[in-house]
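Peer 1: With the sequence up front, the predicted model follows.
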Amino acid sequence: MSDPPADASSADRFTSRWGLILSVLGIAVGTGNIWRFPRIAASNAGDDGAGAFLVAWLVFLVAWSIPLIIAEYALGQRGRMGVVGTFAKLAGGKVAWLGAFVAFVAAAIMCYYSVVAGWCAYYVTTSTLSGLPVTSDASLAAWDAFQASPWPIVLHALMMGLGVLAVRGGVSTIEKANKILVPTLLVIVVLAVVRAVTLPGAGAGIAYLFTPDWATLGSASTWLEALTQNAWDTGAGWGLILTYAAYMRKEDGVVRNAVITGVGNNTVSLLAGTMIFGIAFAVLGPQMTQPEVLEVMRTSGERGTGLTFIWMPALFSEMPLGAPLAVLFFLALTFAALSSLISMIELSTRVVVDLGAPRPKAVLGVGVVAFLVGVPSALSDNVFGNQDFVWGVALMLSGAFIALAVIRHGAEALREEVATPSDWGIPKIWVGWIRYAIPLQAIVLLGWWLYLATTASFTSRWWDPLEPYSAMSCLVQWSIALAVLYGLNRWMVRRLAATDPDIDPTS
């Protein structure tokens, strides 16, 4: 099988391993690290601490995320196409629709993720120009006023537009954008952590974050949350890394990059958790008991905003040097959101390009459609919450489909095809892990989630597809997407085969 060039020429590659790593870290390090991780850790903590959740979370880094990241790097480098084209080329045309579902999940997340990026940008501006609210009530009032204004839609459009501009020029502009965004983000996070850990009382919060309460590991929901958070954290199973890997040079290798991606991303999550736990305990500790502090951290509020967008501004206002730290914090969130949004836009754009559209028209079309689909999430708490719930859980399906693509191509064959002397070798255990352990994890955890979701754990109306957080809402939306994509499979494969002769429309 030949190794056709991405888009136009073999020169369309990341210019360096550094550029590739920064861009993939731009995928992995997003709002899930800073906005979501501390809240999930607090929600799954026991009386003594959150350390046991961290153990489960790290277990899934090794058991779920890194094997899938290796798979995505290998598939992308070998296929040199987007997600759908890679599935058709390496796994066979009959399962291209499963690759399309992986792409669809990432695209669905992209539509409301841009809304969150807009929130972050708004708070950078208000923290800089208007100062910080001095109480949580004032912060809530400011949030409500923002949500009632046109700004969520305006900023949703702005962030989507910035992402489109970064993607329009192809991998070269993506690489240039991430060489600015990601290092700046990492410097800001480190500065914010240093300030947070030097606050009086911060040590209690940091100690709580890392102290294990082993009893919490007896809850299956802890393991489910740990896996979904790790999938959110690392981008494993989204198809995003696969898309960027289509542009990587073969000599840059797969395994070393995968380990750096997973470990680097989780390090940022731990830094963010250290910062948030330290600030919350330092500022609220003198006023509240530990359970009350944890309740503040766990209460997500509408659209998961309670801690980050309502409590954090008020906490910053009570800290020495809190105002500049608030600006840095929300600037880090904005950069993290934008770098991840760029990768989501590129994933969808590359799929459309592989189907025969010119890149400028493809990226513009993706941006316009994503903006329009995201408008309801910008306007409605219920729509946003539903989309985050439905497609966040669907990431487990996406991960299973990535593993299936490797299995159909041949895990051992793929392992040999991407080997290079400059890289660490893919260990033999990976072959069996992709074949058996990843699908088993997906089946068990999805089954357990379905059990929980039908026993009133999420809502008593689990059977109602119009209930935002019901199991049936997930099942109906997944089924519709899968049915439509299955119906389009032959058309997609014919279009892909027209652009790449290695794709067999009959396979």
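Peer 2: Received it, and whenever you're ready, just let me know what you need.

Peer 1: switch to C-alpha atoms for all contacts and neighbour counts from now on
Peer 2: OK.

Peer 1: Quick one: low-confidence residue ranges for this protein.
Peer 2: By pLDDT under 70, the low-scoring segments of the chain are 1-11, 300-306, 456-459.

Peer 1: which residue is nearest the middle of it?
Peer 2: Trp232 (4.1 Å; Cα atoms, centre = their mean).

Peer 1: For that one, I want the exact helix or strand it lies within.
Peer 2: Assigning secondary structure by DSSP states H and E places Trp232 in helix 220-234.

Peer 1: Next: Ile188.
Peer 2: Ile188 belongs to helix 171-197, assigned by DSSP H and E.

Peer 1: which residues in the stretch 201-350 of the chain form helices?
Peer 2: 202-210, 220-234, 240-245, 255-284, 290-298, 312-317, 322-354 (DSSP state H, counting those that start in this stretch).

Peer 1: rewinding a little: I'd assumed Thr31 was in contact with the residue nearest to the centre of the chain.
Peer 2: No: look at Trp232 against Thr31 with Cα atoms under 8 Å: they stay out of range, at 9.2 Å.

Peer 1: ok, Ile480 - how many residues close by?
Peer 2: Ile480 has 11 neighbouring residues, counting by other Cα atoms under 10 Å.

Peer 1: How about Val444?
Peer 2: Considering only other Cα under 10 Å, Val444 is surrounded by 12 other residues.

Peer 1: mind listing what it touches?
Peer 2: Contact partners of Val444, counting by Cα atoms under 8 Å, 6 or more residues apart in numbering, are absent.

Peer 1: Likewise for Glu417?
Peer 2: Glu417 touches Arg78, counting by Cα under 8 Å, 6+ apart.

Peer 1: Not counting its neighbours along the chain, what's nearest Leu209?
Peer 2: Excluding its sequence neighbours, the residue lying closest to Leu209 (Cα to Cα, 6 or more residues apart in numbering) is Ala50, at 4.9 Å.

Peer 1: got it, and Asp464?
Peer 2: Of all residues not flanking Asp464 in the chain, Met472 sits nearest, at 5.9 Å (Cα to Cα, 6+ apart).

Peer 1: Please report how far that neighbour lies from Val390.
Peer 2: Counting by Cα to Cα, to the nearest Å, the gap from Met472 to Val390 is 10 Å.

Peer 1: higher neighbour count, those two?
Peer 2: Set Met472 next to Val390 and count neighbours by other Cα under 10 Å: Val390 wins out with 24 against 21.

Peer 1: which SS state does that one fall under?
Peer 2: With DSSP: H, G, I helix; E, B strand; the rest coil as the basis, Val390 sits in helix.

Peer 1: Pull the contacting residues for it.
Peer 2: 469, 473-474, 477.

Peer 1: how about a cut-off of 7 Å?
Peer 2: Counting by Cα atoms under 7 Å, 6 or more residues apart in numbering, Val390 makes contact with Cys474.

Peer 1: Next, the buried residues of stretch 346-358.
Peer 2: Using 16 or more other Cα atoms under 10 Å as the test for burial, stretch 346-358 gives 346-355.

Peer 1: Quickly note the distance from the residue nearest to the centre of the chain to Asn386.
Peer 2: For Trp232 relative to Asn386 (Cα to Cα), the value is 16 Å.

Peer 1: Quantify the burial of the nearest residue to Gln147 once chain neighbours are set aside by counting its neighbouring residues.
Peer 2: In space, and not counting its chain neighbours, Gln147 is closest to Leu379: 7.7 Å by Cα to Cα, 6+ apart. Leu379: 17 surrounding residues under other Cα under 10 Å.

Peer 1: coming back round to it: quick one: buried residues of the helix holding Ile188?
Peer 2: 171-172, 174-175, 177-179, 181-182, 185-186, 188-189, 192-193, 195-197.

Peer 1: same thing with stretch 370-386?
Peer 2: Judged by neighbour count (16+ other Cα under 10 Å), stretch 370-386 contains these buried residues: 370-371, 374-379, 382-386.

Peer 1: residues in contact with that stretch?
Peer 2: 111-112, 115, 152-153, 157, 160, 302-303, 468-469.

Peer 1: Just the buried residues of those residues.
Peer 2: 111-112, 115, 152-153, 157, 160, 303, 468-469.
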